[in-house]
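quick one, what's the 3D model for this:
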Amino acid sequence: MTDQHTVTVLIEIHAKPGQENDARIALLHAIQTSAKPGLVSSTEYEDSNDPGAFYAIQVWENTAAFDAHMRDAAENGMSEATQVLREPPRTTVLHTIG
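All right, here's what the predicted structure looks like:
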């Protein structure tokens, strides 16, 4: 459960054919090894029906922390990690409803 001030983000990546394991390793490595000020939690998933599709659901303290992380990632080597992907990672900021 998140409080009203946190931000939940869905990150979706799709591996190039034959590079599914490399994409899995890159995703986990990026999440586990880089400093992410403001990251509350991250859970990673693989699509059971598409072994090349990976997702991370992250909770951030606020939108500013997530935006700062994305700027830092773009400036510091995200392009190397995305070489095994069919397309750039997709990020979606989610808001609870109801």
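
what's the helix or strand for the most centrally placed residue in the chain?
Centroid-nearest residue in the chain, with C-alpha atoms, centre = their mean: I11, separated by 3.9 Å. For I11, the enclosing helix or strand under DSSP states H and E is strand 7-14.

contacting residues around that strand?
For strand 7-14, contacts defined as C-beta atoms under 8 Å, 6 or more residues apart in numbering pick out 2, 23, 27, 50, 52-63, 65-66, 85-87, 89-96. The way it works is simple: take the backbone N, C-alpha and C, and place the C-beta from them, glycine included.

could you point out which element follows that strand?
Following strand 7-14 in sequence, per DSSP H and E, is helix 20-33.

re earlier: out of the contacts of strand 7-14, which are buried?
23, 27, 52-54, 56, 58-60, 65-66, 85, 89 (16 or more other C-beta atoms under 10 Å).

CSV for those residues, including distance to E75?
Formatted as CSV, the buried ones among the contacts of strand 7-14 follow (distance: C-beta to C-beta, whole Å):
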residue, distance to E75
A23, 22
L27, 19
G52, 27
A53, 27
F54, 23
A56, 20
Q58, 19
V59, 23
W60, 18
A65, 16
F66, 15
L85, 18
P89, 15
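
looking at the residues you listed, which one is closest to A74?
If you rank the buried ones among the contacts of strand 7-14 by distance to A74 using C-beta to C-beta, P89 comes first, at 10.7 Å.
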